[in-house]
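Enquirer: Quick one: sequence and predicted model below, then my questions.
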Amino acid sequence: MEAGKVPSYPAVGHDGEGPKLSSWRYNSPLVQVVGLGLVCFCLPGMFSALNGLGAAGKADATIADNSLTALSVSFAICSLLAGGIFNIVGHRILLVVGGLTYALYVGSYLSYNPVFVITAGAILGVGAGFLWAAQGAIMVSYPEEENKGKYIGMFWSIFNTGAVLGSLIPLIIEWNSGKSSVSLETYIAFMVVMVIGSILSLALLPPEMVIRSNGKPVSMHQYSSWTTEAVAIAKLFLDWRMIALSPMFLASNWFYTYQFNAVNGGGLFTTRTRAFNGTLYWTAQILGSNLMGHFLDSTKFVSTSRRVRGLLGLTLLLIVSSVTWGGGLAFQLTFSRSSAKADTDKMDFEDSSEFAGPVTLFALYGLCDAFCQTYSYWIMGALTNDTREAARFVGFYKAVQNAGAASAYQIDANHVSFLVQIIINWALLTLGCFSAYLVALNVKEIDVEVFVADRGGLQIGPNGVMGKISDATIEHKEFSIPVYFESENPTDKQS
């Protein structure tokens, strides 16, 4: 966009409403979120399907654990920086480069050289940091206030549909296989889909071209500087809201290692049953993300107060996770790391009497994960609508999240008992929920940004007045009262 040029938007009247635009325009937040979901369908969706098999589809989890540790460490470091990089270069570069690292990681399992697999994991950590920073900035800041939960649920559904269909790849290929590891054809199929996803990301529009249904811009995006971003990222560590949310962020990827490597990949199930479990796990995620997303946005059935919805949603997460992890503890008491590996009579889904309980538990793990992830994004979205600030928040979230994942992978790689692992997981998630109440209690009813365009452009001020300005700045304001917008057109003011 040329300096001094801004998109034209419909006039906004005294009631704060302009002409309603279709939600299915290509430059609408909804279509962009759907497009983002399709990109993640092909990239982390496929990665989740492969990882959900336990040990990345291999019989022994040691190399996968070390690779995923390297991934999580580099992911955590890069995530802190990626939010700032997003604000400087935009999302297209981050999504394309990040997407290709997913294909590289899967390709490393074709050779299964330990050094290559671990190195590819570390490279993927950088790429994933790029991808999720861009994803988070779009996901948290694009939707309107009343649609944040629903759009997050929609994204999570599309993304996890990738994991569901990705789980069907090894299920179909390995249907008659008696091996404990998946075939090379399975890895190649994942790689092809990931390359397609990387290319697809080029179709997403830059933030300044995305217009909400009320005609208002998502963001008058102005690229930042390295110094500005470094200072802003450093300040996140002093932000009490981020500190209070950190235990939940830490727990939100910690439990994957236990669920995938201990429960699904610990030796209890046949290879095709591990793929079947993964399909149900990600299907439950689709259900869970939609349930939590609609719950958090429901002014009709839950509450008209966003603060109350946030508190009730967090309580729902706490109750469901406590019941699920309590059931998980009961199941864990029936096996250990050594007994699962030693058992030659693996559990198969055709044996319904034996399989019903474990598969229900595994599906509930997926439901709880979706509740946790959806709530985390919603609460960050309740704190800001600014794309730049959202990118930093999500970068911080992913950094803490992957620090937890790295710790969990090393705990498993050092053969800590499954019983100890499940206790750590349950305790962390419970602590995270209670700590998050502090932030939920301080959620504002409405969050309004003051967007100021390039020199000579359009300003939407804190009093709702639109007019011309001369300096290029973007400010952030919060209001807990209704905000009314007026047109600068004199004829509108007289009506």
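Expert: Sure thing, it's come through.
Enquirer: how far out from the middle of the chain is the strand or helix carrying Lys235?
Expert: Using DSSP states H and E, Lys235 maps to helix 226-236. Chain-centre distance of helix 226-236: 22 Å, with C-alpha atoms, centre = their mean, to the nearest Å.
Enquirer: Show the low-confidence segments of the chain, by residue range.
Expert: Within the chain, the stretches with pLDDT under 70 are 1-19, 52-61, 170-171, 173-182, 219-224, 341-344, 352, 446-495.
Enquirer: all strands of it, in order?
Expert: All strands of the chain, identified by DSSP state E, fall at 446-450, 458-460, 466-468, 475-479.
Enquirer: counting contacts, what elements does the top helix by length along the chain pack onto?
Expert: With secondary structure taken from DSSP state H, the chain has its longest helix at helix 352-381. Contact partners of helix 352-381 among helices and strands, from 3 or more C-beta pairs under 8 Å, 6 or more residues apart in numbering; DSSP states H and E: helix 114-141, helix 148-173, helix 240-257, helix 271-297, helix 306-332, helix 387-413, helix 418-440. All C-beta atoms are positioned from the backbone trio N, CA, C, and that covers glycine.
Enquirer: now that helix: how far from the chain's centre is it?
Expert: Taking C-alpha atoms, centre = their mean, one finds the center of helix 352-381 at 15 Å from the center of the full chain.
Enquirer: Sort out which residues of it are buried, please.
Expert: Using 16 or more other C-beta atoms under 10 Å as the test for burial, helix 352-381 gives 355, 358-359, 361-381.
Enquirer: isn't Val443 right next to Trp378, touching?
Expert: No. Using C-beta atoms under 8 Å, Val443 makes no contact with Trp378, being 9.7 Å away.
Enquirer: what residues do the two have in common as contacts?
Expert: Counting by C-beta atoms under 8 Å, 6 or more residues apart in numbering, the common neighbours of Val443 and Trp378 are Gly310.
Enquirer: Please name the nearest non-neighbouring residue to Gly313.
Expert: Distance criterion C-beta to C-beta, 6 or more residues apart in numbering; nearest residue to Gly313, sequence neighbours excluded, is Leu296 at 4.8 Å.
Enquirer: residues near that neighbour, how many?
Expert: A count of nearby residues for Leu296, using other C-beta atoms under 10 Å, gives 27.
Enquirer: How about Phe116?
Expert: The tally of other residues near Phe116 (other C-beta under 10 Å) stands at 16.
Enquirer: One more: Ser167?
Expert: Residues near Ser167, counting by other C-beta under 10 Å, number 27.
Enquirer: Go ahead and confirm it touches Arg274.
Expert: No. Counting by C-beta under 8 Å, Ser167 stays clear of Arg274, with 9.1 Å between them.
Enquirer: re the thing from before, I'd like to check the angle between the longest helix of the chain and helix 418-440, please.
Expert: Here the directions of helix 352-381 and helix 418-440 differ by 30 degrees (axes from the mean of the first three to the mean of the last three C-alpha atoms, to 10 degrees).
Enquirer: end to end, how far does stretch 136-156 reach?
Expert: Start and end residues of stretch 136-156 are separated by 12 Å (C-alpha to C-alpha, to the nearest Å).
Enquirer: how about it: buried residues?
Expert: 136-144, 147-156.
Enquirer: Also stretch 97-112?
Expert: For stretch 97-112, burial by neighbour count (16+ other C-beta under 10 Å) applies to 97-109.
Enquirer: is it possible to export those to JSON lines including distance to Gly266?
Expert: Putting the buried residues of stretch 97-112 into JSON lines (distance: C-beta to C-beta, whole Å) gives the following:
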{"residue": "Val97", "distance to Gly266": "35"}
{"residue": "Gly98", "distance to Gly266": "31"}
{"residue": "Gly99", "distance to Gly266": "31"}
{"residue": "Leu100", "distance to Gly266": "32"}
{"residue": "Thr101", "distance to Gly266": "28"}
{"residue": "Tyr102", "distance to Gly266": "25"}
{"residue": "Ala103", "distance to Gly266": "28"}
{"residue": "Leu104", "distance to Gly266": "28"}
{"residue": "Tyr105", "distance to Gly266": "23"}
{"residue": "Val106", "distance to Gly266": "23"}
{"residue": "Gly107", "distance to Gly266": "26"}
{"residue": "Ser108", "distance to Gly266": "23"}
{"residue": "Tyr109", "distance to Gly266": "20"}
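Enquirer: Closest one of those residues to Ser22?
Expert: Gly99 (29.1 Å; C-beta to C-beta).
Enquirer: can you pull the contacts of the closest one?
Expert: Listed by C-beta under 8 Å, 6+ apart, the contact partners of Gly99 are 39, 42-43, 127, 131, 194-195, 197-198, 201.
Enquirer: give me the number of residues near the nearest residue to it once chain neighbours are set aside?
Expert: Counting by C-beta to C-beta, 6+ apart, Gly99 lies nearest to Ser198, which is 3.1 Å off, once chain neighbours are set aside. A count of neighbours around Ser198, defined by other C-beta under 10 Å, yields 22.
Enquirer: just Phe434 next, same as before
Expert: 13.
Enquirer: for it, what are its contacts?
Expert: By C-beta under 8 Å, 6+ apart, Phe434 lies in contact with Leu318.
Enquirer: how near is it to Tyr112?
Expert: 43 Å (C-beta to C-beta, to the nearest Å).
Enquirer: Phe276 too?
Expert: 24 Å.
Enquirer: same thing with Cys368?
Expert: 32 Å.
Enquirer: Likewise for Lys444?
Expert: Counting by C-beta to C-beta - Lys444 and Tyr112 are separated by 51 Å.
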